[in-house]
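A.B. asks: based on what follows, work out the 3D shape:
(one chain, ligands or ions: 1)
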Amino acid sequence: MRIILVGYGVVGKSVTTVLARKYAEKVKDYGFNPKVVAIADIDGAVINQRGFSPEKLETIRQRGYPISADPEFGRPRMSALEVIETVEAEVVVEVTPVNIKNAEPALSHITTAFKTGKHVVTTNKGPLALAMPALTELAAYNNVYFRFSGTVGGGTPILEFAKRCLAGDRILAIRGILNGTTNYILTEMSQNHVTFQEALTNAQKLGYAEAEPSMDIDGFDAACKVVILANWIMNKKITLKDVERTGVRDVSLQALEEAAKRGSTIKLIGSIDGDKPTVKPTEIAKTNPLCVSGVLNAVTFFTEYAGEQTVIGKGAGGMETASAVLRDLLDIRHKLATKPT
Ligand code: HSE
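C.D. replies: Numbers count the residues shown, from 1 in each chain. As a prediction, this is how the structure comes out:
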């Protein structure tokens, strides 16, 4: 499977690390044999149509920016779009930073990949938050697979759990902590009395926060995930503007202390229950299974037959999110291997 990687930040680098380990393991699940043939970043690309060796991927990672300075394979100033259009590959892995104003450049990367017959795996919430119904239709129209497991829950298989493990049941409502950064901040504030700003700075250092911190703290990131869950799991056709959203800027240390006296705490909860999907700080009992600490995410599915099911896992981080990319690549490989001819 030839892969074009678009975006070379925390997640992009982790994807190359995970894939390099897979080559080395020689684990050929469903004949899975990934080869990164190109990496495109903001200022150029590296291309090797035969596929980069694990050692070369490591050299590129260690050399850092700009990747296009590579003497052998570097293509300074070559755009990601040009790479997607001209390099032969089966899959584009799109992991550029999130933009929820117009979803670019990821939206063009994804639609161009579809139009050139390439499957897409993305961890980028922007295109899904703004245009998910259209994108899933476009993928189907072009007869390609579109996977985005890493957009919700980092490495935690929240979408797969709902889609596959609860298949046949009816999901009536979803509630959850969908943003690792704000959960980390609220946990640090309530348990260690760290200030909001200090906790945010730590989350950025740990690679949890988005490039634009407002994405996390004003609840946009969680709202994007609500959109993805609502569309993919509950068959709604909504976009970001349909989510009522309040972030965590106004959650004070005092409010957290008051909640603690009642055996509760305050969490940023995303909810799809009834007509209006919401994201807002909500007081919940410390005994609630959703009440998880640090960068953890937790999502409860309220189902018709199986009752309440809660999935918990680390919701952010490069390697965790890269594991979701790998899962999606394997899923595509499996689908291709079992597709009737
Ligand atoms: N900034 C996001 C978070 C990353 O903190 O949850 C994972 O989507």
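A.B. asks: pLDDT weak spots in the protein?
C.D. replies: Residues of the chain that meet the criterion pLDDT under 70 lie in 24-30, 341.
A.B. asks: flag every residue of it that's near the ligand.
C.D. replies: 154, 179-181, 208-210, 216, 221, 315-316 (C-beta under 6 Å from any ligand atom). The way it works is simple: take the backbone N, C-alpha and C, and place the C-beta from them, glycine included.
A.B. asks: can you rerun that using 5 Å?
C.D. replies: 179-181, 208, 210, 216, 315-316 (C-beta under 5 Å from any ligand atom).
A.B. asks: helices of this protein, start to end?
C.D. replies: 10-25, 54-63, 80-86, 106-115, 125-141, 158-160, 180-192, 196-205, 214-217, 220-234, 253-261, 318-338 (DSSP state H).
A.B. asks: and whichever residue of the stretch 1-150 of the chain sits closest to the ligand, what does it touch?
C.D. replies: Closest contact between the stretch 1-150 of the chain and the ligand, by C-beta to the nearest ligand atom, is at residue 125 (6.8 Å). Contacts for residue 125 (C-beta atoms under 8 Å, 6 or more residues apart in numbering) come out as 98, 100, 151, 221, 224-225, 228.
A.B. asks: in contact with residue 180, which residues?
C.D. replies: 154, 203, 208, 294-297, 314-317 are the contacts of residue 180 under C-beta under 8 Å, 6+ apart.
A.B. asks: from these, pick the one nearest residue 271.
C.D. replies: Nearest to residue 271 out of the contacts of residue 180 is residue 297 (C-beta to C-beta; 14.1 Å).
A.B. asks: the closest one against residue 182, yeah?
C.D. replies: No - counting by C-beta atoms under 8 Å, residue 182 is not a contact partner of residue 297; they are 10.5 Å apart.
A.B. asks: who has more neighbours out of the two?
C.D. replies: residue 182 (30 against 27; other C-beta atoms under 10 Å).
A.B. asks: so who does residue 210 touch?
C.D. replies: Taking C-beta under 8 Å, 6+ apart, one finds 97-98, 181, 216, 221 in contact with residue 210.
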